[in-house]
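>>> give me the fold of what follows.
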Amino acid sequence: MEVLYIGSHEPSWIGRAGIPLFISHRRLARLKRTLPTAIAPWALDSGGFSELALFGGWKTTALEYVAAVARYDREIGKLDWAAGQDWMVEHEMLARTGKTVLEHQRLTVDNYVELCRLWGDFSDASCPFLPTIQGYQISEYKDCMTMYADAGVDLGGVPLVGVGSVCRRQHTDDIRAVFESILETDPELPLHGYGVKNRGLAIYGELLCSADSLAWSFNARKNPRLPGCTHKSCSNCMLWALRWRRNIIGGAWCSRHGEWCPGYAGAYCGDFVAPALGADRTAAVRWPARGDATAEPVPLAS
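This next block holds a predicted model:
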């Protein structure tokens, strides 16, 4: 896995954390005036689970969503990608919407096509929307892939493909079988796992190109707060999130955070001291823009 995005309820972290974040549109939409300026790449959660659970369908129109994403891309910057307005197919979601798996899949595919079509009306930048394969059984995921092909979408030609309806059942080997089956169809397909927790990372993390996780917050709720923290719980604590991520992917000493930091794609969020180099030798990095062929941040000349 190349990138682990940390889920956060705090949009301000975009300008403070210095690591890849996964932030909900429902949170950012509350900021009518000033948006944070990103200091590291981040991805946008469309807020689909909340929207379907609250309203039994999408209240936010595709046009409204595209306009919002264009604003975030322009004003916040460093947006890696934005999730589409997909329709999850967990049993509770089907019960809430009153629709079938097939209907949810068709709505998901149709929405992705519409978002991509509308994007050019708002921005000249590369389209950031992520197609998501929805299903519950393995055969349903394959059916959804066929639906994308029938709609003229080449999943092998996009930078990243989401796999939906997995986060609430990832403690079993069923999800690994889902990812393996998708990759049997196209071994080079770059997959993103939504809402992956520790156990999920252990079971199928090597099959993913990226994942997002809010598991650190659940972990914090079950444990005493960190020494020096004054809030009641560290469930919204950036320091806890950084340390949780560090424990997953490692890191080096970071001058921005004053401790070991996981950084991004093999580099770090600011000036850092690499133990192998010793002394106070530091380096800064330039984050690659969306669509840049550069796989990793580029060291800046001193």
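>>> the stretch 101-250 of the chain: helices as residue ranges?
Along the stretch 101-250 of the chain, counting by DSSP state H, counting those that start in this stretch, helices occupy 101-119, 138-150, 174-185, 198-204, 215-221, 238-249.
>>> would you format the ones you listed as CSV with distance to Glu90 included?
In this view, the C-beta of every residue, glycine as well, is placed from N, C-alpha and C. Listed next are the helices of the stretch 101-250 of the chain as CSV, based on distance: least, Cβ to Cβ, whole Å:
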stretch, distance to Glu90
helix 101-119, 10
helix 138-150, 12
helix 174-185, 13
helix 198-204, 15
helix 215-221, 18
helix 238-249, 25
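>>> Tyr65 is nearest to which of the ones you listed?
Closest to Tyr65 of the helices of the stretch 101-250 of the chain, according to Cβ to Cβ: helix 101-119, at 7.0 Å.
>>> how many residues are close by the closest residue to Arg71 other than its chain neighbours?
Closest residue to Arg71 apart from its sequence neighbours, by Cβ to Cβ, 6 or more residues apart in numbering: Leu35 at 7.5 Å. Neighbourhood size, Leu35 [other Cβ atoms under 10 Å]: 17.
>>> and Leu35, helix, strand or coil?
Three-state call for Leu35 (DSSP: H, G, I helix; E, B strand; the rest coil): coil.
>>> am I right that it is in contact with Ala29?
No - between Leu35 and Ala29 there is no contact, the gap being 10.5 Å when judged by Cβ atoms under 8 Å.
>>> take the helices of the stretch 101-250 of the chain and write them to CSV, including mean pLDDT, mean neighbour count and distance to Pro128.
Formatted as CSV, the helices of the stretch 101-250 of the chain follow (pLDDT from 0 to 100; neighbours: other Cβ atoms under 10 Å; distance: least, Cβ to Cβ, whole Å):
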stretch, mean pLDDT, mean neighbour count, distance to Pro128
helix 101-119, 98, 20, 8
helix 138-150, 97, 17, 17
helix 174-185, 94, 17, 22
helix 198-204, 86, 18, 25
helix 215-221, 90, 18, 25
helix 238-249, 83, 20, 23
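>>> helices and strands of this structure: which one bottoms out on pLDDT?
For the chain, using mean pLDDT, DSSP states H and E, the weakest element among its helices and strands is strand 282-283, scoring a mean of 31.
>>> so Gln85 sits against Ser46, correct?
Yes - using Cβ under 8 Å, Gln85 is in contact with Ser46, at 5.3 Å.
>>> show me where the stretch 1-150 of the chain has its strands.
For the stretch 1-150 of the chain, the strands defined by DSSP state E, counting those that start in this stretch occupy 3-8, 21-24, 42-45, 79-83, 129-130, 132-133.
>>> burial count for the closest residue to Ser24 other than its chain neighbours?
The shortest distance from Ser24 to any non-neighbouring residue, by Cβ to Cβ, 6+ apart, is to Asp45 (4.4 Å). Neighbourhood size, Asp45 [other Cβ under 10 Å]: 24.
>>> Asp45: what's it in contact with?
Contact partners of Asp45, counting by Cβ atoms under 8 Å, 6 or more residues apart in numbering, are Gly7, Phe22, Ile23, Ser24, His25, Ala83, Asp212.
>>> now do 10 Å
Residues in contact with Asp45, defined by Cβ atoms under 10 Å, 6 or more residues apart in numbering, are 5, 7-8, 21-28, 82-83, 194-195, 212, 214.
>>> of those, buried ones?
By neighbour count, with 16 or more other Cβ atoms under 10 Å, those hold 5, 7-8, 21-26, 28, 82-83, 194-195, 212, 214 as buried.
>>> which one of the residues you listed is nearest Glu188?
Tyr194 (20.4 Å).
>>> you'd agree that closest one is up against Asp86?
Yes - applying Cβ atoms under 10 Å, one finds Tyr194 in contact with Asp86, separated by 9.5 Å.
>>> so where's this structure shaky on pLDDT?
170-172, 250-302 (pLDDT under 70).
>>> let me see the domain layout of it.
3-213, 252-299 (automatic domain parsing).
>>> kindly compare burial across those and name the winner.
Across the domains of the chain, the average number of neighbours (mean count of other Cβ atoms under 10 Å) peaks for domain 3-213, which reaches a mean of 18.
>>> pull the distance from that one to the chain's centre.
7 Å (Cα atoms, centre = their mean, to the nearest Å).
>>> first to last residue in that domain, what's the distance?
Terminal residues of domain 3-213 lie 11 Å apart, using Cα to Cα, to the nearest Å.
>>> now stretch 51-60
So stretch 51-60: terminal residues 8 Å apart, Cα to Cα.
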